[in-house]
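Student: structure of the sequence below:
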Amino acid sequence: MTNSISGAIYWSLFSYEDWNMHVAATDEGLCFVGSQNQPFEELAKWAASRFPRSPLIHDDEKLLSYKAELVQYLQGTLENFTVPTVFQGTPFQEAVWQALCSIPYGHTWSYSDIANHIQKPAAVRAVGAAIGANPVLITIPCHRVIGKNGSLTGYRGGLDMKTKLLQLEGLRTGMRGNIQHV
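Tutor: Below is the predicted model:
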């Protein structure tokens with residue numbers, strides 16, 4: 001993973017079965033995976049606020065390798081992404097996003113676990129804010145973060161998307177939204 005974005009941002013609509021989301025990459029790697037069934041404006045607003053001098057260019061070809069790994073993940077045949085990702089945030093956000101990548105497929109960590117992992121145990125709320133700002137859903141697996149009591153918590157892509165991703169990884173949500181390992 002690199003942590004700087006410069007130049008053009010190439011985008012495409014990713015569609016597979018009932019999954020529809022915008023994805024974007026730079027020449028260096030994947031930089032954005034959007035929320036399910038959200039309009040292009042989600043990507044455009046993110047790019048305009050974070051990288052106002054980077055033009056958005058529609059290029060399906062440039063995103064083929066990224067989309068191929070997303071399909072493999074959604075088919076259950078890929079547990080660890082190998083495509084390069086690139087993101088830019090505060091040093092704290094970047095530490096949190098790196099920590100998210102340490103959560104193994106099919107497992108969950110709490111916000112407290114992430115705070116302890118980055119050696120900032122008192123920063124649980126800030127960890128939550130950083131997770132909410134994760135621009136690369138699925139590949140930087142913020143869907144694997146749950147409440148300390150095992151409950152489902154907020155997710156930029158919505159709780160329905162989070163539930164589907166956790167179920168895909170073999171985790172089941174109970175009647176009160178708690179995670180149960182199968």
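Student: next one: the residue minimising distance to the centre of the chain from Gly7, what distance?
Tutor: Taking C-alpha atoms, centre = their mean, the centroid of the chain lies closest to Leu137, which sits 1.7 Å from it. For Leu137, the distance to Gly7 equals 22 Å [C-beta to C-beta, to the nearest Å]. The way it works is simple: take the backbone N, C-alpha and C, and place the C-beta from them, glycine included.
Student: what does His117 give?
Tutor: 32 Å.
Student: for Thr139, see how far away Ala129 is.
Tutor: 20 Å.
Student: between the two, who's got more neighbours?
Tutor: Neighbour count, other C-beta atoms under 10 Å: between Ala129 and Thr139, Thr139 has more, with 23 against 12.
Student: let me know the pLDDT of the more buried one.
Tutor: pLDDT recorded at Thr139 is 96.
Student: contacts only, for it.
Tutor: Taking C-beta atoms under 8 Å, 6 or more residues apart in numbering, we find Thr139 in contact with 30, 33, 69-70, 81, 83, 85.
Student: what do you get for Arg125?
Tutor: Arg125 touches nothing, counting by C-beta under 8 Å, 6+ apart.
Student: hmm, back to that, looking at His117 and Gly7, which is more packed in?
Tutor: Neighbours per residue, other C-beta under 10 Å: of His117 and Gly7, the larger number sits with His117, 18 against 12.
Student: OK, contacts around that one?
Tutor: 99, 102, 109.
Student: just Glu169 next, same as before
Tutor: 105-106, 144.
Student: which one among the contacts of His117 gets closest to Leu159?
Tutor: Trp109 (17.5 Å; C-beta to C-beta).
Student: may I have the beta-bridge partners of the closest one?
Tutor: Val145 (DSSP bridges).
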